[in-house]
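> just to be clear, the model below is a prediction. Sequence and coordinates:
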Amino acid sequence: MTDSRTATNDRVVLADIGGTNARFALMDRGKIGPVQHLRVADFPGKDGVSDALAAFLSSERSAEPPARAVFGVAGPIQNNRVAFTNSDWVVDGAELGKRFGLPCVKLLNDFEALGWSLPALEAADLLALGNQQPLQGAPRLVIGPGTGFGAAGLFLQGPEPVVVVTEAGHATLPATSDREAEVIAELRRRMGHVSIEHVLSGSGIENLYHALAAVDGASVPGRDAAAITKAALDGSCATSRATLDMFCSLLGNVAGNLTLTFCAWGGVFIAGGIVPRFAAHLAATEFRTKFESKGRYEVYLRKVPTSIVMTPDISFIGLKAYAEAAGSATDPRHS
């Protein structure tokens, strides 16, 4: 993707690193170059990120080296370092800076990067799930099932945006019906604590499929998340269809809970690589019903817009926005 909505003078390596894929791009004078997609599995070991970054930089034929880097990473960051929960990679900003001669490598949570992208999103980037209008100036929420489940809130009060990151994916998954409770009980029997991302993620779709089959006493073939989704959409498997429908209902419930947590009357944005694959189906499920069904606060949630982010690699807009807001490599936010 390319974007030139604002400008900056230095060259910055931008990266969006998840448990399955690592994406790199170079920002030069405010323009984001082509995004290169690499598979995490192709660069094994805890130092795989260094090898992936080296592969990306070797493909960039430019005499002028980058001045700094901003990475969005899918995991909890401590002291500008993260050990991934869904891969063997360890990303250490200081170590990467030393190896590649970068004065600064700043790590952001991947959903922090998505939060920074929200002010720049346009109607063409989104599929609206209804015609509600946002409350101007109110907090916004971005969530997303992917390899895991992420969530962040954007607050626009003050001179600069503030993005609050969470580890909401590891919170306990709630049930709102007897059937959901049965399925969660089956998952609890298999894995103990049942977190949100144990269901609302790629592997979570598979967990949900097998739990539903067990609850219903159904015999089903082994399928990965993509095959379950395909069988649900083409109507060839009732368990797959029930899986996708329950996934959408649970997503609506969790989205509503997080909206109340953040008072996100400015809107909810569903990002990540999973939901856009069945966006039309999500719109036809109980997603909005579960989103709004919060007792006395239903009247408030009916007014909150929900949208699916359809533009790929939109996190790079957020990484760019952060890099420009942070300014030069000597800015204290890069420490």
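Okay, I see it.
> ok, now which ones touch the nearest residue to residue 45 once chain neighbours are set aside?
Once flanking residues are discounted, residue 45 sits nearest to residue 88: 6.0 Å by C-beta to C-beta, 6 or more residues apart in numbering. To be clear about C-beta, it is placed using only N, CA and C from the backbone, and glycine gets the same treatment. Taking C-beta atoms under 8 Å, 6 or more residues apart in numbering as the contact definition, residue 88 lies against 44-46, 48.
> got these as a markdown table, with pLDDT columns?
Shown next, in a markdown table, are the contacts of residue 88 (pLDDT from 0 to 100):
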| residue | pLDDT |
| --- | --- |
| 44 | 93 |
| 45 | 91 |
| 46 | 89 |
| 48 | 93 |
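> neighbouring strands for the helix or strand harbouring residue 127, and are they parallel or not?
Using DSSP states H and E, residue 127 maps to strand 126-128. According to DSSP bridges, strand 126-128 forms sheet pairs with strand 306-309 (antiparallel).
> could you export the very next helix or strand once past the strand it pairs with as CSV, CA atoms only?
Next along the chain after strand 306-309, taking DSSP H and E as the criterion, comes helix 315-326. Presented in CSV, the C-alpha positions along helix 315-326 are these (Å, rounded to 0.1, in the frame of the first residue of the first chain):
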residue,chain,number,x,y,z
SER,A,315,-1.6,-0.8,10.5
PHE,A,316,1.1,0.8,8.4
ILE,A,317,-0.9,4.0,8.4
GLY,A,318,-0.8,3.9,12.2
LEU,A,319,2.9,3.1,12.4
LYS,A,320,3.5,6.1,10.1
ALA,A,321,1.3,8.4,12.2
TYR,A,322,3.2,7.4,15.3
ALA,A,323,6.6,7.9,13.7
GLU,A,324,5.6,11.4,12.5
ALA,A,325,4.1,12.3,15.9
ALA,A,326,7.2,11.1,17.7
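> in helix 315-326, what's buried?
Using 16 or more other C-beta atoms under 10 Å as the test for burial, helix 315-326 gives 315-324, 326.
> with stretch 237-251 instead?
Applying 16+ other C-beta under 10 Å to stretch 237-251 flags 237, 239-251 as buried.
> would CSV of these with distance to residue 104, pLDDT and secondary structure be doable?
Putting the buried residues of stretch 237-251 into CSV (distance: C-beta to C-beta, whole Å; pLDDT from 0 to 100; DSSP: H, G, I helix; E, B strand; the rest coil) gives the following:
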residue, distance to residue 104, pLDDT, secondary structure
237, 50, 98, coil
239, 50, 98, helix
240, 47, 98, helix
241, 49, 98, helix
242, 49, 98, helix
243, 44, 98, helix
244, 43, 98, helix
245, 46, 98, helix
246, 44, 98, helix
247, 40, 98, helix
248, 41, 98, helix
249, 44, 98, helix
250, 40, 98, helix
251, 37, 98, helix
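> and which of the residues you listed is nearest residue 158?
Proximity of the buried residues of stretch 237-251 to residue 158 (C-beta to C-beta) peaks at residue 251, which lies at 31.0 Å.
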